[in-house]
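Peer 1: make a model of this:
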Amino acid sequence: MLEFFKEGLIQFFNYSGFGNCSYGHLIMIVFGLIFIALGIIKEYEPLLLVPIGFGIILGNIPFTDGLQVGIYENGAVLNYLYFGVLKGVYPPLIFLGIGAMTDFSALISNPKLILIGAAAQFGIFAAYAIALLLGFSPTEAGAIGIIGGADGPTAIFISSKLAPSLMGAIAISAYSYMALVPVIQPPIMRLLTNPKERLIRMRPPRAVSQREKILFPLLCILLTAFLVPTGLPLLGMLFFGNLLKESGVTKRLATTASGTLIDIVTILIGLTVGCSTQATNFLKLDSILIFGLGALSFVIATASGVLFVKFFNLFLKEGNKINPLIGNAGVSAVPDSARVSYVEGMKYDKTNYLLMHAMGPNVAGVIGSAVAAGILLSFLY
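Peer 2: Numbering: from 1, shown residues only. Below you'll find the model as predicted:
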């Protein structure tokens, strides 16, 4: 009887998390706790970091193979939820919600700001080239490069097509840098601008009519989709969501897309992306390289936006010049990058409100990152 009880305890221990735990699991659980702390204490993108952090913990609870509880085990509930990430279902739904909550007025009133969003995408292609030099395959390099756009859904979408095996590292990297926008961007902006440039006052945006707001998504989807059909799932949903918002007759649909729907998808995408970071699959040299390349591409993207504004100003008359502090907003982190432009501008002139101006390149960055993803898919998929 005693022997039977002893064997039962040993078997129970072998099935428990304690019996299957490794240093890798503990390291990843600590990372999950850090993500949650950053979200709750520092309030860095809590809607993203809290679900991802909890997902990291959930995905690194040790277990015995065959129990159908892990995200990579066929038949597991988490595996079914992860299907939306692997097959690129969740990112277009996120874009639908972004479109339904985004006001493109700043971009419509000053169309040249779209050039800033385009310039910031240089970080994507620079990271792609560097990843190739480091030995990643062309498809892996393309998926890694998109991190420079600071667009988590786009990073997930393109990695699901080009490099599913690197999905966890790419997604975590993209969302991490999105959350750290207020930390990473300001030093680069100060380094690349001088006191005179920071005080440039821009003309107030002109009033945009409802007709313009309705025509904008229709014209944009025709132009961008014909240019890069591979970006259709993201671009189509982005502009469809915006049309729901601006049409004036689909308020209920716009409210659902920008509220309940995007909240549900954010929970699912955050939790499952976090769960995908199982120590056995995640703690590899490639993951470290991806984090480094992601940081580099994000820095290059920010610098490219700021430097482009400085260059562009050489051709603009006095009174029409652009404050280079909005150049950082060319990345796709909406509205955090625009908010950083506003906060930095207020430090040098408390009456110089840059937020609405910065929203122009910021929403252009959303479009730009999706177009860049479409271009990479066109050549690599």
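Peer 1: for the rest of this, base every contact and every neighbour count on C-alpha atoms.
Peer 2: OK.
Peer 1: in the helix or strand harbouring G368, which residues are buried?
Peer 2: Element membership of G368 [criterion: DSSP states H and E] is helix 355-380. Buried residues in helix 355-380, defined by neighbour count with 16 or more other Cα atoms under 10 Å: 355-377.
Peer 1: how far does that helix sit from the chain's center?
Peer 2: Offset of helix 355-380 from its chain centre (Cα atoms, centre = their mean, to the nearest Å): 11 Å.
Peer 1: elements contacting it?
Peer 2: helix 105-109, helix 114-120, helix 138-145, helix 152-162, helix 232-246, helix 336-348 (3 or more Cα pairs under 8 Å, 6 or more residues apart in numbering; DSSP states H and E).
Peer 1: including distance to L289, could those go into TSV?
Peer 2: Converted to TSV, these look like this (distance: least, Cα to Cα, whole Å):
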stretch	distance to L289
helix 105-109	36
helix 114-120	22
helix 138-145	10
helix 152-162	16
helix 232-246	27
helix 336-348	25
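Peer 1: between those helices, which gets nearest to P205?
Peer 2: Proximity to P205 (Cα to Cα) singles out helix 105-109 among the helices and strands packed on helix 355-380, at 5.9 Å.
Peer 1: could I get the average pLDDT for the closest one?
Peer 2: The average pLDDT within helix 105-109 is 93.
Peer 1: what do you get for stretch 258-272?
Peer 2: Here stretch 258-272 scores 95 as its mean pLDDT.
Peer 1: could I get the CA-only coordinates of that stretch as CSV?
Peer 2: Output in CSV follows, covering the C-alpha atoms of stretch 258-272 (Å, rounded to 0.1, in the frame of the first residue of the first chain):
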residue,chain,number,x,y,z
SER,A,258,-13.9,50.3,-33.1
GLY,A,259,-15.1,49.0,-29.7
THR,A,260,-16.3,45.5,-28.9
LEU,A,261,-14.7,43.7,-32.0
ILE,A,262,-11.3,45.2,-31.7
ASP,A,263,-11.2,44.6,-27.9
ILE,A,264,-12.1,40.9,-28.4
VAL,A,265,-9.5,40.5,-31.1
THR,A,266,-6.8,42.4,-29.1
ILE,A,267,-7.4,40.0,-26.1
LEU,A,268,-7.1,36.9,-28.4
ILE,A,269,-4.1,38.1,-30.3
GLY,A,270,-2.3,39.3,-27.2
LEU,A,271,-2.9,36.2,-25.2
THR,A,272,-2.0,33.7,-28.0
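Peer 1: buried set for that stretch?
Peer 2: Going by 16+ other Cα under 10 Å, stretch 258-272 has these buried residues: 258, 261-263, 265-272.
Peer 1: then stretch 58-75?
Peer 2: 58-63, 68-72.
Peer 1: just stretch 122-134 next, same as before
Peer 2: Those would be 122-131, for stretch 122-134 by 16+ other Cα under 10 Å.
Peer 1: got the residues you listed as CSV, with pLDDT and secondary structure columns?
Peer 2: What follows is those, written out as CSV (pLDDT from 0 to 100; DSSP: H, G, I helix; E, B strand; the rest coil):
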residue, pLDDT, secondary structure
F122, 90, helix
G123, 88, helix
I124, 89, helix
F125, 89, helix
A126, 89, helix
A127, 88, helix
Y128, 91, helix
A129, 92, helix
I130, 91, helix
A131, 92, helix
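Peer 1: mind checking the longest helix of this structure?
Peer 2: helix 285-313 (DSSP state H).
Peer 1: show me what that one is packed up against.
Peer 2: So helix 285-313, by 3+ Cα pairs under 8 Å, 6+ apart, packs with helix 114-120, helix 122-133, helix 138-145, helix 167-179, helix 181-192.
Peer 1: what angle sits between the helix or strand hosting G53 and helix 167-179?
Peer 2: For G53, the host element (DSSP H and E) is helix 46-59. For helix 46-59 against helix 167-179, the angle by axes from the mean of the first three to the mean of the last three Cα atoms, to 10 degrees is 150 degrees.
Peer 1: I'd like the average pLDDT over helix 46-59.
Peer 2: So the average pLDDT for helix 46-59 ends up being 92.
Peer 1: same question for stretch 304-318.
Peer 2: 93.
Peer 1: chain center to that stretch, what's the gap?
Peer 2: Computed by Cα atoms, centre = their mean, the chain-centroid distance of stretch 304-318 equals 26 Å.
Peer 1: residues making contact with that stretch?
Peer 2: Stretch 304-318 is contacted by residues 116-117, 119-120, 122-123, 189, 192, 321-331 when judged by Cα atoms under 8 Å, 6 or more residues apart in numbering.
Peer 1: list only buried entries from those.
Peer 2: If we count by 16+ other Cα under 10 Å, the contacts of stretch 304-318 have these buried: 116-117, 119-120, 122-123, 189, 321-331.
Peer 1: quick revisit: for F291, which of the helices and strands packed on helix 285-313 is the nearest?
Peer 2: F291 lies closest, by Cα to Cα, to one member of these: helix 167-179, at 5.6 Å.
Peer 1: sweet, I'm off.
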